[in-house]
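Enquirer: Need the 3D shape of this:
(chains A and B)
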There are 2 protein chains.
Amino acid sequence: MSKLLIVGTVAFDAIETPFGKTDKILGGAATYIGLSASNFNVDSAIVSVVGEDFPQEYLDMLAARNIDISGIEVVKGGKTFFWSGKYHNDMNSRDTLATELNVLADFNPVVPENYKDAEIVMLGNLHPGVQMSVINQMTKKPKLIVLDTMNFWMDCAWDDLIEVIKKVDVITINDEEARQLSKEYSLVKAAQKIHEMGPKYVVIKKGEHGALIFNDGNIFFAPALPLEEVFDPTGAGDTFAGGFSGYLAQHKNISFESMKNAIIYGSNLASFCVEKFGTQRMETLTSEEITERLKQFKQLTQFEIEVN
Amino acid sequence: MSKLLIVGTVAFDAIETPFGKTDKILGGAATYIGLSASNFNVDSAIVSVVGEDFPQEYLDMLAARNIDISGIEVVKGGKTFFWSGKYHNDMNSRDTLATELNVLADFNPVVPENYKDAEIVMLGNLHPGVQMSVINQMTKKPKLIVLDTMNFWMDCAWDDLIEVIKKVDVITINDEEARQLSKEYSLVKAAQKIHEMGPKYVVIKKGEHGALIFNDGNIFFAPALPLEEVFDPTGAGDTFAGGFSGYLAQHKNISFESMKNAIIYGSNLASFCVEKFGTQRMETLTSEEITERLKQFKQLTQFEIEVN
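Expert: This is a model prediction of the structure:
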């Protein structure tokens, strides 16, 4: 099996949406990526950091899904990264109510020895310096490095971000971030500019409007599944990234054709993530449900027109 | 060949976008619908009204594309409907600068005798009372009636609109209008509510984010083609409707499978419309270009994942 190395936050979230409100629950980019990727036949490991307050049951849950958690450092006396946010009625925008970095402030990632030769590296949203440190620890050049990031790092760690972007094969960001990074409004032009910064593949996530992947003049689009309700969008982008990287790791094929399937799987898994608060839905997800939804994606997008 | 009856405005537009500005040019819903549908093998006719100021060359251009213009009334001494608008930088929103109804204020549509048995009726955006009058003039029940409308009529002719919606098979509206009409935020729920108002098929246009068609639990999605530049969005929705109804008329098949192809063709044609100001691009469009773009739509959306 291929090895998938995942780097990102493992955290507490407190979420408020028009449908309800949670206390501190399990969250973090690496958590969502890991849960999503655990639906594929891959060996995966998470590199992250938590505090002493982090419940063992959460770590046990990740381990039970065959995720190697030896790279999750538990800082004695430390407190786990905490984020709190409130979604607006349209669910497309949110206010951050609290961000407590805690143990994340001094995070020094250590890649487990047996994952320094991982074929696929999935760099979840984190300080670009931490992402770079992970790349530098790899003893064998990965087949594919995927980077997820956000506007926050464009605002406060631009130079570090540009350096890590140079090193990756795929970048996944949302539409507004693509515009900010490229200074282009058109997503087609934005993707071209970002391509010139390093990544051969540019994935632009548009939330409820789906996701685009660009490569050298080729474009593929995966819609989001139209849902009756989006209950909680938290983690949808990370779940997408986990589905994308998990699919590629399992299939050992990083062609553009394979990446088309990978973003369909990413959208598929993200469509479950938003159905319940936090990681709830992802924890109970079955392969039968994923297959059933794949049929829905086919019905949603596939058509028969002969082109002569 | 099937007959396609088109009702809507034939008008003057003055448009301002971030890319430039026009004086009064040819516009109107029926104009765009007719030009778009003229790319299919159908007999089509426009029912509309213009003033004496309307240039004969515009009428000649429509006639040259095999559109029957005998139903376009020319009002002696009258002035043609005029709309002027300015698009914002994101091209997704616009301000109306002027609306001069002129001859449209007293428009009494008269369906040509030989189109009273048209198989497909495409009711372009107009006062719902005018749309209803056209339905009432049909001597043979059409195979399919398609209605396009907008928020303006929801604001100022609600009761008339609800009456005409009851009579049609397909409604095409944009996402915000679907929400206004149904009082539901979720587009899936909105489509269900609108379905209960009458139309078996609900098409929700999301502009640059594509279009959805809903029918009895089935959903199909056609993306908009990602473009480097959108030069002028005016008429894109009408062009979409013209491609949709033109495809269905040519293929004489109004199954859901056929409608999937029809909204792909609608999106295909709309992607050309926005490339130049007004009707310019549609006037020079060739079938080779449409076929070439269809290949792009296939590359953009079709994937190969076996579902067991």
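Enquirer: Over to stretch A:6-19 now: how far is its first residue from its last?
Expert: End-to-end distance of stretch A:6-19 (CA to CA, to the nearest Å): 31 Å.
Enquirer: and it, which residues are buried?
Expert: A:6, A:7, A:8, A:9, A:10, A:11, A:12, A:13, A:14, A:15, A:16, A:17 (16 or more other CB atoms under 10 Å in any protein chain shown). Placement of C-beta: from N, CA and C, glycine included.
Enquirer: now the residue nearest to residue A:95 when sequence neighbours are not counted, what's its secondary structure?
Expert: Nearest residue to residue A:95 in three dimensions, chain neighbours excluded: residue A:86, at 5.1 Å (CB to CB, 6 or more residues apart in numbering or on different chains). Put simply, residue A:86 is strand when judged by DSSP: H, G, I helix; E, B strand; the rest coil.
Enquirer: Tell me the pLDDT of residue A:92.
Expert: Note for residue A:92: predicted pLDDT of 78.
Enquirer: mind listing what it touches?
Expert: Going by CB atoms under 8 Å, 6 or more residues apart in numbering or on different chains, residue A:92 touches A:207, A:208.
Enquirer: and with 10 Å instead?
Expert: A:206, A:207, A:208, A:209, A:230, A:233 (CB atoms under 10 Å, 6 or more residues apart in numbering or on different chains).
Enquirer: Let me know the pLDDT of the first one.
Expert: On the pLDDT scale, residue A:206 is placed at 95.
Enquirer: what's near enough to touch it?
Expert: Neighbouring residues of residue A:206 by CB under 10 Å, 6+ apart: A:92, A:174, A:175, A:176, A:178, A:187, A:212, A:221, A:223, A:224, B:208, B:209.
Enquirer: would you list those residues in CSV and tack on distance to residue A:165?
Expert: Below are those laid out as CSV (distance: CB to CB, whole Å):
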residue, distance to residue A:165
A:92, 25
A:174, 15
A:175, 17
A:176, 17
A:178, 12
A:187, 17
A:212, 18
A:221, 23
A:223, 27
A:224, 25
B:208, 26
B:209, 26
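Enquirer: What is the nearest of these to residue A:39?
Expert: Using CB to CB, residue A:224 comes nearest to residue A:39 of these, at 18.0 Å.
Enquirer: what about the closest one, how many neighbours?
Expert: Residue A:224 has 24 neighbouring residues, counting by other CB atoms under 10 Å in any protein chain shown.
Enquirer: And the helices in chain A, which stretches?
Expert: Using DSSP state H, the helices of chain A run over residues A:29-37, A:56-64, A:128-137, A:151-156, A:158-166, A:175-182, A:187-197, A:236-251, A:256-273, A:280-284, A:287-301.
Enquirer: quick revisit: would you mind checking the contacts of residue A:206 for buried ones?
Expert: Buried, going by 16+ other CB under 10 Å: A:174, A:175, A:178, A:187, A:212, A:221, A:223, A:224, B:208, B:209, out of these.
Enquirer: Now, these that are in strands?
Expert: Among the buried ones among the contacts of residue A:206, the ones falling in strands (DSSP state E) are A:174, A:212, A:221.
Enquirer: what would those look like in JSON lines with pLDDT and distance to residue A:281?
Expert: Output for those, formatted as JSON lines (pLDDT from 0 to 100; distance: CB to CB, whole Å):
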{"residue": "A:174", "pLDDT": "95", "distance to residue A:281": "21"}
{"residue": "A:212", "pLDDT": "98", "distance to residue A:281": "25"}
{"residue": "A:221", "pLDDT": "98", "distance to residue A:281": "24"}
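Enquirer: and the residue nearest the centre of chain A, what does it touch?
Expert: Central residue of chain A (CA atoms, centre = their mean): residue A:238, 2.6 Å from the mean position. Residue A:238 is in contact with A:6, A:8-9, A:27-36, A:122, A:124-125, A:148, A:172, A:270, A:273, counting by CB under 10 Å, 6+ apart.
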